[in-house]
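when you get a sec, could you give me coordinates for this:
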Amino acid sequence: MNANSNTTPAGTPFLDDQTEETEDLHFDEKAFVRSARAKSTRRTVALATSVVLGALVLLSGAWVAWNASIQAQSNRISSYQYELVALSQPNTFISGTGLTDMRFPGARNTYTAYRPVGRRPMPRGDVTIAFDVWGGEVAATEGGFMSWQSPSRGFSGAEMAPALQFLYPLETGAAGSGSGSVADSLEAQQLAVWTKVARDRMDAAPASATAELAVSFKTRKTLSEVEALLPKGLILNWGVVDVWAPGQGPVTTMDGSMVGITFVGPDGAVDPLPRAQLEKDLVDDLRFVAENAPRGTADRCVRSANFIKKHGVSYFGVVVTGPVSEVRKLLDFGDVSSATLGFVVEPWE
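Alright, predicted model coming up:
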């Protein structure tokens with residue numbers, strides 16, 4: 001048999017078949033690159049989207065947590081400020097819930113204060129308290145009544161309302177009493193001038209007008225003694241309480257540096273609770289402020305509460321409101337050492 005006549009073994013492809021198969025295996029580089037790029041782009045977009053969504057979730061959670069912390073601090077500050085103002089500012093209240101101004105990373109609360117003269121609220125000014133998520137509140141403007149550490153805490157716009165001050169009844173020769181006698185101290189002399197000014201202003205005012213007067217006593221008094229000396233036409237708005245050890249108190253107590261009891265409500269109406277009960281509640285009120293206030297204020301509250309619990313409540317001055325004709329009578333009382341006149345207003349029409 002002729003070897004050339006041998007046919008191709010089974011399973012061995014013809015040349016034409018091999019050529020077609022080679023053509024089918026041709027590599028399209030451009031298509032591959034486009035496909036790879038598309039896959040890479042999709043993966044990059046998916047990863048970037050996941051990162052962005054994760055960041056948004058984290059930021060949203062952080063914002064919610066920050067906002068909740070700020071609101072909690074704002075509520076805490078407001079809770080004790082209402083009490084602290086009534087305790088330390090003669091015849092003074094703050095109104096509303098306070099306006100919270102969010103300022104990352106902290107915030108600010110702004111309050112409006114007023115003094116009731118009769119049933120009429122008279123503007124006392126504003127105060128702004130800045131704080132952070134952990135607290136750390138500070139008075140951002142003059143008039144910060146946040147802390148009891150400063151000797152005097154007024155309000156912005158305080159020129160609208162004369163400050164009410166008291167002369168502390170230090171014994172002769174006691175520490176801090178000046179040249180041996182309260183009557184000889186510069187503070188007492190200044191208060192004597194203000195007392196004369198108060199008398200002159202009331203003499204010039206209509207008898208029907210309503211006046212606000214802060215009077216200091218030469219000796220400390222009990223509540224019953226205070227009530228006995230007040231003319232019947234006057235309202236007892238506020239009483240300043242002795243919280244200093246003998247010989248250690250200031251000669252004058254500035255507006256905001258005192259501890260006192262409010263005997264009227266924010267609307268100027270007489271508090272429905274008996275005055276004796278308000279005296280008993282004073283220690284608890286001070287301890288409530290101490291639980292929520294910064295350390296300096298808290299320490300002052302605790303010391304004052306301990307002093308009152310040990311020595312009882314005694315007054316060395318009061319704030320009264322009423323017709324000028326009745327207020328004048330109080331100035332003629334022999335145990336009044338000084339007086340400062342606050343607002344004088346016409347009654348409501």
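
can you map out the strands along the stretch 201-349 of the chain?
With DSSP state E, counting those that start in this stretch applied, the stretch 201-349 of the chain shows strands at 210-221, 235-241, 252-253, 260-262, 315-323, 336-345, listed in chain order.

show the average pLDDT along the longest one.
Meaning strand 210-221. Across strand 210-221, pLDDT averages out at 94.

and it, what does it pack against?
Secondary-structure packing of strand 210-221 (3 or more Cβ pairs under 8 Å, 6 or more residues apart in numbering; DSSP states H and E): strand 106-117, strand 166-167, helix 186-204, strand 315-323, helix 324-331, strand 336-345. Backbone N, C-alpha and C define where each C-beta goes, glycine included.

pull the residues that contact the last one.
In this case it means strand 336-345. 91, 115, 117-118, 120, 122, 161-167, 169, 182, 188, 191-192, 194-195, 197-199, 201-202, 205, 209-218, 319, 324, 330-331 (Cβ atoms under 8 Å, 6 or more residues apart in numbering).

need the longest helix for this protein.
helix 29-88 (DSSP state H).

for that one, name the packing helices and strands.
Helix 29-88 packs on strand 93-103, strand 106-117, strand 120-132, strand 135-139, strand 260-262, helix 275-292, going by 3+ Cβ pairs under 8 Å, 6+ apart.

out of the helices and strands packed on strand 210-221, flag the one nearest residue 279.
strand 315-323 (9.8 Å; Cβ to Cβ).

from the chain's centroid, how far away is stretch 308-327?
26 Å (Cα atoms, centre = their mean, to the nearest Å).

if you count neighbours, what's buried in that stretch?
308, 313-327 (16 or more other Cβ atoms under 10 Å).

what's the closest non-adjacent residue to residue 307?
residue 243 (4.9 Å; Cβ to Cβ, 6 or more residues apart in numbering).

hang on, that neighbour packs against residue 310?
No: the pair residue 243 and residue 310 fails to qualify as a contact (Cβ atoms under 8 Å) at a distance of 10.6 Å.

which of the helices and strands packed on strand 210-221 sits most buried?
Stretch with highest mean neighbour count among the helices and strands packed on strand 210-221: strand 166-167 (a mean of 29; mean count of other Cβ atoms under 10 Å).

will you turn the strands of the stretch 201-349 of the chain into JSON lines that also has distance to residue 297?
Formatted as JSON lines, the strands of the stretch 201-349 of the chain follow (distance: least, Cβ to Cβ, whole Å):
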{"stretch": "strand 210-221", "distance to residue 297": "23"}
{"stretch": "strand 235-241", "distance to residue 297": "17"}
{"stretch": "strand 252-253", "distance to residue 297": "16"}
{"stretch": "strand 260-262", "distance to residue 297": "15"}
{"stretch": "strand 315-323", "distance to residue 297": "22"}
{"stretch": "strand 336-345", "distance to residue 297": "25"}
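
and residue 293, which of those is closest to it?
Nearest to residue 293 among those is strand 260-262; the distance by Cβ to Cβ comes to 16.7 Å.

can you tell me what sits against that closest one?
86-88, 90-91, 93, 237-241, 271, 275, 278-279, 282, 313.

buried ones in stretch 211-218, by neighbour count?
Buried residues in stretch 211-218 (16+ other Cβ under 10 Å): 211, 212, 213, 214, 215, 216, 217.

low-scoring stretches of the stretch 151-300 of the chain, by residue?
Counting by pLDDT under 70, the stretch 151-300 of the chain has low-confidence residues at 151-160, 171-184.

at 80 instead, please
151-162, 170-188, 246-249, 254-257 (pLDDT under 80).

of the buried residues of stretch 308-327, which is the nearest to residue 233?
Using Cβ to Cβ, the buried residues of stretch 308-327 come closest to residue 233 at residue 326, 3.6 Å.

hang on, that closest one packs against residue 213?
No: the criterion here is Cβ under 8 Å, and residue 326 misses it with residue 213 at 10.0 Å.

render the CA-only coordinates of stretch 42-59 in CSV, please.
This file holds the C-alpha atoms of stretch 42-59, laid out as CSV (Å, rounded to 0.1, in the frame of the first residue of the first chain):
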residue,chain,number,x,y,z
ARG,A,42,-17.8,50.0,39.6
ARG,A,43,-15.7,48.7,42.5
THR,A,44,-14.3,52.1,43.2
VAL,A,45,-17.7,53.8,43.1
ALA,A,46,-19.2,51.1,45.4
LEU,A,47,-16.3,51.5,47.8
ALA,A,48,-16.5,55.3,47.8
THR,A,49,-20.3,55.1,48.2
SER,A,50,-19.9,52.8,51.2
VAL,A,51,-17.3,55.1,52.8
VAL,A,52,-19.5,58.2,52.2
LEU,A,53,-22.6,56.4,53.6
GLY,A,54,-20.7,55.2,56.6
ALA,A,55,-19.3,58.7,57.2
LEU,A,56,-22.8,60.1,57.0
VAL,A,57,-24.1,57.6,59.4
LEU,A,58,-21.3,58.3,61.9
LEU,A,59,-21.7,62.1,61.5
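
what's the model's confidence in it, averaged?
Computed over stretch 42-59, the average pLDDT equals 83.

give me the residue at the spatial middle of this structure.
Centroid-nearest residue in the chain: residue 81, 4.4 Å away (criterion: Cα atoms, centre = their mean).
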